[in-house]
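Peer 1: Fold the following, please.
(3 chains)
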Amino acid sequence: MRRKEVLMDFISDFLTKFVAQLQSPTLGFLIGGAVAAAVSSRLAIPDAIYKFIVFMLLIKVGLKGGIAIRESNITEILLPALFAVLTGILIVFIARHTLAKLPNIKVVDAIATGGLFGAVSGSTLAAGLAVLDAQGMEYEAWSAALYPFMDIPALVTAIVLASIYTSKQKKLAAENEYRSKQEFYGEQKEYGQQRITASGYPHEEQNHRVEIWPIIKDSLQGSALSALLLGLALGLLTRPESVYESFYEPLFRGLLSILMIVMGMEATARINELRKVAQWYAVYAFIAPLIHGFIAFGFGMIAHYATGFSAGGVVILAIIAASSSDISGPPTLRGGIPSANPSAYIGASTAVGTPVAIALGIPLFIGLGQAVMGG
Amino acid sequence: MRRKEVLMDFISDFLTKFVAQLQSPTLGFLIGGAVAAAVSSRLAIPDAIYKFIVFMLLIKVGLKGGIAIRESNITEILLPALFAVLTGILIVFIARHTLAKLPNIKVVDAIATGGLFGAVSGSTLAAGLAVLDAQGMEYEAWSAALYPFMDIPALVTAIVLASIYTSKQKKLAAENEYRSKQEFYGEQKEYGQQRITASGYPHEEQNHRVEIWPIIKDSLQGSALSALLLGLALGLLTRPESVYESFYEPLFRGLLSILMIVMGMEATARINELRKVAQWYAVYAFIAPLIHGFIAFGFGMIAHYATGFSAGGVVILAIIAASSSDISGPPTLRGGIPSANPSAYIGASTAVGTPVAIALGIPLFIGLGQAVMGG
Amino acid sequence: MRRKEVLMDFISDFLTKFVAQLQSPTLGFLIGGAVAAAVSSRLAIPDAIYKFIVFMLLIKVGLKGGIAIRESNITEILLPALFAVLTGILIVFIARHTLAKLPNIKVVDAIATGGLFGAVSGSTLAAGLAVLDAQGMEYEAWSAALYPFMDIPALVTAIVLASIYTSKQKKLAAENEYRSKQEFYGEQKEYGQQRITASGYPHEEQNHRVEIWPIIKDSLQGSALSALLLGLALGLLTRPESVYESFYEPLFRGLLSILMIVMGMEATARINELRKVAQWYAVYAFIAPLIHGFIAFGFGMIAHYATGFSAGGVVILAIIAASSSDISGPPTLRGGIPSANPSAYIGASTAVGTPVAIALGIPLFIGLGQAVMGG
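Peer 2: Residues are numbered from 1 along each chain as shown, chains lettered A, B, ... in the order given. Presented below is the predicted three-dimensional model:
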């Protein structure tokens, strides 16, 4: 096949997947909610219901991860799992230092987007496993259980980074206000030499720094991460399979569809924020899955040579990193970073990131794995 | 068989179905809620839950209709669908100009009852299809998909008519108050010649008229019709089958049973309203299914001769018109016409209309179809 | 087998069941909620959701009992059912006059615990039926349907007794306050001869007595018992099987798991109440199942000799009495006796009572039945 045909095939494949994503319940209900708000509908989901839906979704994500980790062989999985955690955290920091620095991009939106791209899409992973199976490429049975090790750290990192950023901003604002007041009252002495102890205002030396650990602790105690970690602990330490399979799992997609309507309605209200920056999200969402996949592929290679982690397992790790969550991530970020605009991160992930990961990422990393390790 | 036996058979058949309806979850939970309120129970469903249940039920009704329309062949179905829409709208106007004019009947209750008799009962339709199959009468596979074309226009028409009526009443009240004030202040000049421009009070010429379009727009933006239309659009334009089948459809009957308890509790509080008028609802509910069926049968005949719509299809259209909703209609009317008394419209439909449609309507229209078109 | 081995076997069997109970969703989610609260999580379930969950659980418990009673043969079941009712009521009175009198035990906690031990565990009953089947011991098919006759009276009795106790306490407090005021105002005449009519204060003769019937009526009208009895009536008089099986039954365990999280969070807040009395609950929970079983066994023997109730049926009645509810009881008591500490009654029942009933009660009563009646 000539190169042009390959390109045409890819574009047609990508567009097919793109249209299918637009019709998926996740994005469909988001757009539905956005349109309802745009035509001034008085549709409303009571706040108590909204909070409960977020709680239900997060407990479910945690339970699923906890059960998957419990069922895996922890000694065998250790090094790849560590690399999965590292990749998940790294992805969020990359977004913090690339996407967030672009002009007009709101930092919390960029961090949330990074969190969503660090989180994992179960359907992308399933698609990858299917292609691996079809090609007869072998992998450890527990490889798919690596996903919570990347998913949950990425989401936690995003929420904590957003908290730290928000705290810094508040502090900066408070200081600026204080500084203005100082000037207003005509105090002439040098600001830098001043030491405030009783008033609670910071020493100049600590300026622009915030205590990291209290913020991490506070993030973990927040309702979003609490529910996620509670689910994780229950999945790990108890036997919630019956209630998970009869209740949390079947209700998940339906409750998610309602959350999507709520997030869509909010998206309309905040659409102006995105007008100037949509192109940056598109660029990020197109490139990031491949870069994240390469990073995880590199880590996987280390595990391959160090502990004999299979070539198929390395490919799976790369696919997990390339995927971006459109199911488990949004409710977590919604609960954990309420100030971020859902249409930024969900739009980037669902409309661009997922089709790229499936149509481009999966064949790329399988080919690479076969070429490099002869899988 | 002699005429008397036929009559006896019909009465016994009707009574059997009547008792079965009283034990059906829909009416059973309604009566349960009514009895609980009558014995001063402090049972209560939180308002947030109530609103969410209505939302869930309406999204589901819309989704189901949207999916059914999407899956039908729109060009083939066009004329019968148009007749279904017309019949649905007509049924509500008939109730507005017959039932609503009877002594002591509240107009909004009559309009809501018309909406419910215009809406469609899935179980009556299923019973009709079973009898048609048993008799070997052929019909187009898409005939059953005609139901949302009658169901949704009837409900929308009822809600809009009720809004228009309520607006007129408010306006009338405001004018009367104004008139009284005029008299009170002893202003002697002729009221009819007076022109008020700045105060917002209407010109005499426009008296008793209200702007229709703003009311229709407002009805459609209300939370009830918004949810219904959002579901319809999502069913038509996206692929929500998986979430519909795993979430909205299985939860529907259960959530409906809770709504019935709420409506039953309210029914007790408003039972006095119905004391004087119950006989009119019984008469309407007995006659209306047959008249509505004949109207749809007539429309169907036009389609039969114009486009070759099958005799079985004509019968199905008549059965759809004869049926009155006891599942999808009540939550819609409850959300859309909150001032109407649920025990009026649900009692009329479930306790009388549905048994009449099944025991009398189905055999009547099948026999008529065979006699007229030789199906 | 020597006596020591039998004891070792029993202890190992008991410990296995104890650990399994700790991992069961019911207790696991309770502990999870407790730990979340202990680490100052801001996890919260909105109040509207909490109330709705309790309502859902109670309607379901009532429906199940109502359907079971409707499907049983009421004339055959009459005497055993009467004995089941008596046992259920008796168990609560026993707790009221033993556990509640122990030092530092809160009376409402003891009554609630009695209610839970009078209520029935479906899984203990199922385990008992399995062992009976394995041993080829015959019993009437309707024996299992005896459970609601013990379950619901026990819960109702507990709620009513708790209401009476609380009313008496309030009255006592009011009288004491009144007495202090009398002394404060220096009124010297004998208090006992005084008659108050208009003020609403009681005559001395009625002192410390409260009207029982208004409290029972009030308990029955409360939201908890109303929902339970509404479910019971709907299960008995209508045909709610379809909605029960598609909605209330599948959602039950999941909603219960959420209620357990809420109750766990509360348990942490009230843990100090239990510090001094945990040993009494452990003693009660270890002994009570066996005593309750013997009482029911005695009643069953009367029915055996009076009406030919089978030996297997007598054993089942004893197992029902020995079991303590960890599924249906907690939400009822939570709704009906909100002042009782859930960690007292759930801990006693789930962590000790249920393992004792299964590991010790079932073999004990089967052996006894075979020895006494030659089943």
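
Peer 1: thought A:L116 was touching A:G329?
Peer 2: Yes. In this structure A:L116 lies within contact range of A:G329 using Cβ atoms under 8 Å: 4.4 Å. (Glycine included, C-beta is placed from N, CA and C.)

Peer 1: Mind checking which of the two has more residues around it?
Peer 2: Higher neighbour count among A:L116 and A:G329: A:L116, with 33 against 27, using other Cβ atoms under 10 Å in any protein chain shown.

Peer 1: following whichever strand or helix holds A:V54, which helix or strand shows up next?
Peer 2: Per DSSP states H and E: A:V54 is located in helix A:47-71. Next along the chain after helix A:47-71, taking DSSP H and E as the criterion, comes helix A:74-97.

Peer 1: what's the neighbour count on the closest residue to chain C within the stretch 1-150 of chain A?
Peer 2: Residue nearest to chain C within the stretch 1-150 of chain A: A:A48 (3.5 Å; Cβ to the nearest Cβ). Residues within reach of A:A48, counting by other Cβ under 10 Å, total 22.

Peer 1: still on that earlier bit, elements contacting the helix holding A:V54?
Peer 2: helix A:147-184, helix A:223-237, helix A:249-269, helix A:329-336, helix B:47-71, helix C:47-71 (3 or more Cβ pairs under 8 Å, 6 or more residues apart in numbering or on different chains; DSSP states H and E).

Peer 1: Can you show me the CA trace of the third one as CSV?
Peer 2: Included here for helix A:249-269 are C-alpha records, laid out as CSV according to Å, rounded to 0.1, in the frame of the first residue of the first chain:
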residue,chain,number,x,y,z
GLU,A,249,-21.5,-1.3,37.9
PRO,A,250,-25.0,-1.5,36.3
LEU,A,251,-26.0,2.0,37.4
PHE,A,252,-22.7,3.6,36.4
ARG,A,253,-23.3,4.4,32.8
GLY,A,254,-26.8,5.7,33.4
LEU,A,255,-25.8,8.0,36.3
LEU,A,256,-22.9,9.1,34.1
SER,A,257,-25.3,10.1,31.4
ILE,A,258,-27.2,12.3,33.8
LEU,A,259,-23.9,13.9,35.0
MET,A,260,-23.1,14.6,31.4
ILE,A,261,-26.3,16.5,31.0
VAL,A,262,-25.4,18.6,34.0
MET,A,263,-21.9,19.2,32.7
GLY,A,264,-23.3,20.1,29.3
MET,A,265,-25.6,22.7,30.8
GLU,A,266,-22.7,24.2,32.6
ALA,A,267,-20.5,24.0,29.4
THR,A,268,-23.0,26.3,27.6
ALA,A,269,-22.7,28.8,30.4
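
Peer 1: for that helix, packing partners?
Peer 2: helix A:25-38, helix A:47-71, helix A:329-336, helix A:342-346, helix B:241-243.

Peer 1: What of the second one?
Peer 2: Based on contacts counted as 3+ Cβ pairs under 8 Å, 6+ apart, the elements that helix A:223-237 packs against are helix A:47-71, helix A:147-184, helix A:212-221, helix A:329-336, helix C:25-38.

Peer 1: ditto for the shortest one
Peer 2: Helix A:329-336 is packed against helix A:47-71, helix A:107-118, helix A:147-184, helix A:223-237, helix A:249-269, helix A:342-346, with contacts defined by 3+ Cβ pairs under 8 Å, 6+ apart.
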